[in-house]
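A.B. asks: Give me the fold of what follows.
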Amino acid sequence: MKALNGLQNSAVPQVNFRAPCKQKAGLEILDLGDFYQKLHRCRFDPAKPHRISYYCFIYISHGVGGHFVDFKYHHFQSGSFIFINQEQVHAFDIASRAQGKMINVTADFFDLILAKVRLPFFSLSNLFSTYTPLINLSDSVAATCNILLNEINKTQQNETDDPLLAQLLFSSLLMTIENQRHSHAAHLSDLQAQRFNQFRQLVSQGPQQRCAAAYAQRLHMSYKSLNQLCRHACGLTAKQLIDNHTILEAKRRLAIESAQVQEIAYQLGFDEVTYFVKFFKRHTHLTPSQFRAQHDCI
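C.D. replies: Residues are numbered from 1 along each chain as shown. Got it, this is the predicted structure:
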């Protein structure tokens, strides 16, 4: 944990997916033990917050510690499964030397399997108030995950194996975990889940855009249809989800970056810093400066 002190002296690095070989293009499973041995080759410090352009799942087979996601720690144990969404900020607890697997997945790979397998799990988002990035798996689910991860590794080591096999195995892995997680989006149709996930991705990629009607236009939907979809998916309006993301992004930047409040306000699409302060306080009951003061030891 101490490796994260003094973070506000530098900007948060952006980390992109880099496939180690053709067979792992889009999906890579890395043993955490191997990951620790390669730390000296990293261009950034994984123990400090960094934003990822892909999805990262971490399965802890042995050990205890805390994983940093956005602006707070989540304590893990043996059997924990950690979800880090595309564009989220996270940091590893390197000192714990926990054992397990890190699964890195590109957005294109997700889109590929979404077109083939019904996985409403992907509609779950850090925009929801009920979202948690960590769950503790039962012994039986953990055992199944170990088997599926090993099978995926086998298919990626054989150049003659059909890539579809790895896609189906990975889909089975997420569906197995989702049965324990109890998705709030399980009632969505395939098309609804796909459209809502597209909206979530657009919101996550554009924190400076806070107009729900603009997102509806990009999705070729009416504002009313987008609102109905969002309400059906999670009980919130499109504007409420956009506001949730704006607050989350503001918290990220306040907690782990050194930018001034005025600069953050402009980055998030506010013309006046006073309006940003009022907006932030209305949602958090704290001013941006007060929030930053509470998290200056991250």
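
A.B. asks: From residue 165, how far out is the residue nearest the centre of the chain?
C.D. replies: Centroid-nearest residue in the chain: residue 85, 1.4 Å away (criterion: CA atoms, centre = their mean). Residue 85 sits 26 Å away from residue 165, going by CB to CB, to the nearest Å. All C-beta spots, glycine's among them, are computed from the backbone N, C-alpha and C.

A.B. asks: phi, psi of residue 88?
C.D. replies: Backbone geometry at residue 88, expressed as degrees, to the nearest 10, gives phi -80, psi 160.

A.B. asks: Quickly note the distance from residue 178 to residue 273.
C.D. replies: When residue 178 is compared with residue 273 (using CB to CB), they lie 41 Å apart.

A.B. asks: Low-confidence stretches in the stretch 151-298 of the chain?
C.D. replies: 182-186, 206-207, 296-298 (pLDDT under 70).

A.B. asks: Give me the pLDDT value at residue 5.
C.D. replies: With respect to pLDDT, residue 5 has a value of 38.

A.B. asks: same question but for residue 23, I mixed them up
C.D. replies: 62.

A.B. asks: pretty sure residue 66 belongs to a strand, no?
C.D. replies: Yes: under DSSP: H, G, I helix; E, B strand; the rest coil, residue 66 sits within a strand.

A.B. asks: So what does the residue lying farthest from the centre of the chain look like in phi/psi?
C.D. replies: Most distant residue from the mean C-alpha position of the chain: residue 160, 32.1 Å away (CA atoms, centre = their mean). When read as degrees, to the nearest 10, the backbone of residue 160 gives phi -90, psi -10.

A.B. asks: is it true that residue 109 lies in a strand?
C.D. replies: No: Residue 109 is assigned helix when assessed by three-state DSSP, not a strand.

A.B. asks: show me the contacts for it.
C.D. replies: By CB atoms under 8 Å, 6 or more residues apart in numbering, residue 109 lies in contact with 26-27, 167.

A.B. asks: ok so residue 228 is a helix residue?
C.D. replies: Yes: per three-state DSSP, residue 228 lies within a helix segment.

A.B. asks: What segments of the stretch 101-250 of the chain are helices?
C.D. replies: Ranges of helices in the stretch 101-250 of the chain, per DSSP state H, counting those that start in this stretch, are 107-114, 139-157, 163-181, 190-205, 212-218, 223-234, 238-256.

A.B. asks: mind checking how far residue 84 is from residue 249?
C.D. replies: 15 Å.

A.B. asks: try residue 217
C.D. replies: 22 Å.

A.B. asks: how near is residue 160 to residue 109?
C.D. replies: Counting by CB to CB, the gap from residue 160 to residue 109 is 20 Å.

A.B. asks: residues in contact with residue 237?
C.D. replies: 212, 227, 230-231.

A.B. asks: 10 Å instead?
C.D. replies: 212, 226-228, 230-231, 243 (CB atoms under 10 Å, 6 or more residues apart in numbering).

A.B. asks: picking that back up, adding neighbour count and distance to residue 60, write the contacts of residue 109 out as a markdown table.
C.D. replies: Formatted as a markdown table, these follow (neighbours: other CB atoms under 10 Å; distance: CB to CB, whole Å):
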| residue | neighbour count | distance to residue 60 |
| --- | --- | --- |
| 26 | 22 | 23 |
| 27 | 26 | 19 |
| 167 | 20 | 24 |
